[in-house]
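S.K.: predicted model and sequence follow; I will ask about them next.
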Amino acid sequence: MDWSQHSIPPMRLEARFGDRVVPAFCERPKSIWGMVAEAAARNPGGEALVCGSSRMDWREVAQRSQAIATGFHKLGLQRGDRVAVLLGNRIEFVLTMFAAAHAGLVTVLLSTRQQKPEIAYVLTDCGAKLLIHEAALAARVPDEHDVPDLAFRIAVDDDAKVSRFSELADNAAAAAPAEVDEEDTAMILYTSGTTGKPKGAMLAHCTIIHSSMVFVSCLKLTAADRSIAAVPLGHVTGVVANITTMLRCAGALIIMAEFKAAEYLKVAARERVTYTVMVPAMYNLCLLQPDFDSYDLSSWRIGGFGGAPMPIATIERLAIKIPGLKLANCYGATETTSPSTMMPGELTASHIDSVGLPCPGAEILAMGADGHELPPGEIGELWIRSGSVIRGYWNNPKATAESFTAGFWHSGDLGSVDAQNFVRVFDRQKDMINRGGLKIYSAEVESVLSGHPAVVESAIIAKPCPVLGERVHAVVVTRNPVSGEVLRAWCAERLSDYKVPETIDLTSDPLPRNANGKVMKRQLREAWAAAQP
């Protein structure tokens, strides 16, 4: 199966990044700023950004972004210079990103959860000239001697009278946008990295535009659509699935400072939200709200999700509560500029174990350890090539060489592609459990646990065993009292005996997650090891 029944714009093969040939949309904007200019021309008075009591239309967004770009020029920043952003979910985040695109600068995204040493590493590695940060996070800004290339630091404060950012924006609009090549790096997002230092993924204008057009065409988004940004904007899902996707269709982006299920429902109902992308746990938390049925969510038609499988119980409850909502699994990564696969909403219920079909123009292979493509249905490492795959990592040719082959990115995910082209993801290579030679994929066990009515979410990790090598351990977040034995019995009725968790930790605290919403299993493994006598 493919996307031939959808209205996908025409594509053609094009050379990219020197040594690649990938399908690309024939007609497309040539830069992120090109998308801003198109949105402002096509829907000037249409609502663009909503955050709290602040509302801006697309004409205002373009004008404010141009004014900030003038401020960048006054600082002496030149095309290609890096502007680091340490901001939470707020309008200034989006305006800074668009202004940098206008000025031909590279936006480097930092997480508000990062600490001083982590921030110093990123600023030094990318050679940032300017840091725009939350005034409340000033204590985390590295000392001058630790970041010698950083020439300017500008704070954003809710009090406009003291905010230096407001001074930056107090300029006449720049005359013309900088000329950029669509293969130029537009943004650098540092991956959370399983080992060693994080790597700076270079997202080009063309990869961001390609992914945005995929979202818009596959999900049939228009200027009438309204999306909530409930995930962190500083991550690829926030940037692409939310900001640039709504930019491409000239719709409205409603920005939540942070996700709180009770507040989300209020905002979604009030703003007549039609589309969003969240992790499955967010949907589950919404359903757990006692007043869920009191909110009119009938306008909500597309619920994208990723980062983890959606529990069948959650899908079934949403189908009852919001019958007009179509759920779409979106699988991707920073290195693929967000989506590599997407599940047509009408197929989600019948293909719950799949992350969807390769996005238009994407090629996904399951590769064996010998570098050979595996037959349909067999499990191997997923390699991905498309118009949205990045060129490589900033200032790190070794990591780039190790992670890319002929334009295919080695995802590190174990999965399969069946004869109908549906993709399944079973585990990260590093998270697969080998119990005496028997392979156990954590996603399968987690999916079974999620079906128990007392379970909110779970994470399966390996615990060392001198005899079998590894055994299965579960960390389970519960909503109601339940014993480990009851959960083990639940699994035993549904799984092979060797897959059943041998030990279970029960908690009411949410699982630790990174900015992508993915569970940090390394942290769970370390916590388990530290708790052993």
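M.R.: On my side now, so go ahead.
S.K.: could you say which helix or strand holds N434?
M.R.: Here N434 sits within strand 433-435, counting by DSSP states H and E.
S.K.: again with L285
M.R.: helix 280-287.
S.K.: equivalent analysis for W409, please.
M.R.: Counting by DSSP H and E, W409 is found in strand 408-417.
S.K.: contact partners of that strand?
M.R.: 333, 335-336, 355, 363-367, 374, 376-385, 389-390, 402-404, 423-430, 432, 441 (C-beta atoms under 8 Å, 6 or more residues apart in numbering). The way it works is simple: take the backbone N, C-alpha and C, and place the C-beta from them, glycine included.
S.K.: T337 and S388 touch, don't they?
M.R.: Yes. T337 is within contact range of S388, at 4.2 Å (criterion: C-beta atoms under 8 Å).
S.K.: quick check: neighbours shared by these two?
M.R.: Jointly contacting T337 and S388 under the rule C-beta under 8 Å, 6+ apart are T207, I208, H210, S211.
S.K.: against D505, how distant is the last one?
M.R.: The one in question is S211. According to C-beta to C-beta, to the nearest Å, S211 and D505 sit 38 Å apart.
S.K.: count the residues that sit near V236.
M.R.: Residues lying near V236 (other C-beta atoms under 10 Å) number 26.
S.K.: same check, this time on V21
M.R.: By other C-beta under 10 Å, 12 other residues sit near V21.
S.K.: quick one: what helix or strand has it in it?
M.R.: strand 20-25.
S.K.: counting by contacts, list what that strand packs against.
M.R.: strand 11-16, helix 205-219 (3 or more C-beta pairs under 8 Å, 6 or more residues apart in numbering; DSSP states H and E).
S.K.: please redo it, this time with the cut-off set to 6 Å
M.R.: strand 11-16 (3 or more C-beta pairs under 6 Å, 6 or more residues apart in numbering; DSSP states H and E).
S.K.: so where's the stretch 151-300 of the chain uncertain?
M.R.: Applying pLDDT under 70 to the stretch 151-300 of the chain picks out residues 159-163, 174, 192-196.
S.K.: re earlier: contacts for the following helix or strand past the strand holding V21, please.
M.R.: Where DSSP H and E defines the elements, the next helix or strand beyond strand 20-25 is helix 32-42. For helix 32-42, contacts defined as C-beta atoms under 6 Å, 6 or more residues apart in numbering pick out 29, 58-59, 62, 98, 101-102, 177, 186, 205, 247-248, 250.
S.K.: what mean pLDDT does the helix or strand following helix 32-42 get?
M.R.: Once the chain leaves helix 32-42, the next helix or strand it forms, by DSSP H and E, is strand 47-51. Averaged across strand 47-51, the pLDDT comes to 98.
S.K.: report pLDDT for S338.
M.R.: 89.
S.K.: that one contacts C330, correct?
M.R.: No. Taking contacts as C-beta atoms under 6 Å, S338 lies outside contact range of C330: 7.4 Å.
S.K.: between the two, which has more neighbouring residues?
M.R.: The neighbour comparison of S338 against C330 (other C-beta under 10 Å) goes to S338, with 32 against 24.
S.K.: cool, thanks, talk later.
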